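Q: what follows is a predicted structure for the sequence shown.
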Amino acid sequence: MENNQISVNTFNKLAKQYQDKYMSLELYDQTFDCFIDLLPKADARILELGCGPGNITRYLLDRRPDFKILGTDLAPNMVDLAKTNNPQAEFQVLDCRNISSVSDTFDAIMCGFCLPYLTNEEAASLIKDAAILLNPGGVIYISTIEDDYGKSGLQSSTSGDEVFMYYHSSSFLQERLEEAGFEIQKIQRQDFNESDDSKSIDLFITAQLKKNSKKAPTE
């Protein structure tokens, strides 16, 4: 089974537990505020990748009810929960590795913790595709777990559920963003302690597409 599908199956199975644990998590609110502050003052169109149960969606809409959000996730059970939690937004099942199939354009892309389940190559492709979907001056938010890519691998919980976790470095992501025509607006980090023996550094990058950036031709 593909590494990504292993993770998707686990998130689909544990969607309700994930919702109960993270729906009201306030740890990252200041990073979302940095994203919001860069968006148009009215009716910004946002594509959300890996929306989960709609926890970030809810925060964004609580702050800005005028946002037009299309939330996507590859786990159907997550999409169902997101629809229930945010009836004013639109949601669909979509693999974030296939965003080039989306025909609309957006003012912003929210990519909250998708990258831990993508290879370096897939993450680079996502950033490149995101630049094509964004309007001039569009904003992208990326969060991931910062560490040496070589430490990536399969992780198992005490219950036996598995995810394949990929780590990414700030320098790698900054380079890919700049190559795609983005300017880095803010880099933030946050310690995350799941337990005494499980600690990590969460990385948040907010970047803006240059208004004179030339989009790559679509095939």
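A: Cool, got the structure.
Q: what lies in contact with the one helix or strand residue 61 maps to?
A: For residue 61, the enclosing helix or strand under DSSP states H and E is helix 55-63. For helix 55-63, the external contacting residues (C-beta atoms under 8 Å, 6 or more residues apart in numbering) are 19, 22-25, 29, 32-33, 36, 46, 48, 51, 67, 69, 71, 82, 85-86, 88-89, 110, 112. Yep, even glycine has a C-beta here, placed from its N, CA and C like the rest.
Q: just give me the longest helix of the chain.
A: helix 120-133 (DSSP state H).
Q: give the buried residues for it.
A: The neighbour-count check on helix 120-133 (16 or more other C-beta atoms under 10 Å) flags 120, 122-133 as buried.
Q: can you tell me which residues contact residue 83?
A: Residues in contact with residue 83 (C-beta under 8 Å, 6+ apart) are 54, 91.
Q: ugh, wrong one, I meant residue 28
A: Residue 28 is in contact with 112, 143, 190, 202, 204, counting by C-beta under 8 Å, 6+ apart.
Q: let's see the ChimeraX selection covering just the buried ones among those.
A: In ChimeraX, this line selects whichever of those come out buried by 16+ other C-beta under 10 Å:
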select :112,143,202,204
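Q: in the contacts of residue 28, find the pair that's most separated.
A: For those, with distances taken as C-beta to C-beta, the pair at the greatest spread is 112 and 190 (12.7 Å).
Q: show me which residues of the helix holding residue 61 are buried.
A: Neighbour-count burial for helix 55-63 [16+ other C-beta under 10 Å]: 55-61.
Q: just name the closest of the residues you listed to residue 40, please.
A: Lowest distance from residue 40 to the buried residues of helix 55-63 (C-beta to C-beta) belongs to residue 60, with 13.4 Å.
Q: how close does the closest one sit to residue 39?
A: Separation of residue 60 from residue 39 (C-beta to C-beta, to the nearest Å) stands at 9 Å.
Q: identify the contacts common to the two.
A: 46, 67.
Q: gap between the two ends of stretch 106-124?
A: Counting by C-alpha to C-alpha, to the nearest Å, you get 19 Å between the two ends of stretch 106-124.
Q: ok, residue 167 - contacts?
A: Residue 167 sits next to 116, 144-149, 151-152 when contact means C-beta under 8 Å, 6+ apart.
Q: could you redo the last one with a cut-off of 7 Å?
A: The neighbours of residue 167, taking C-beta atoms under 7 Å, 6 or more residues apart in numbering as the test, are 145-149, 151-152.
Q: now a ChimeraX select for only the buried ones of those.
A: A single ChimeraX command selects the buried members of these (16+ other C-beta under 10 Å):
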select :145,146,147,152
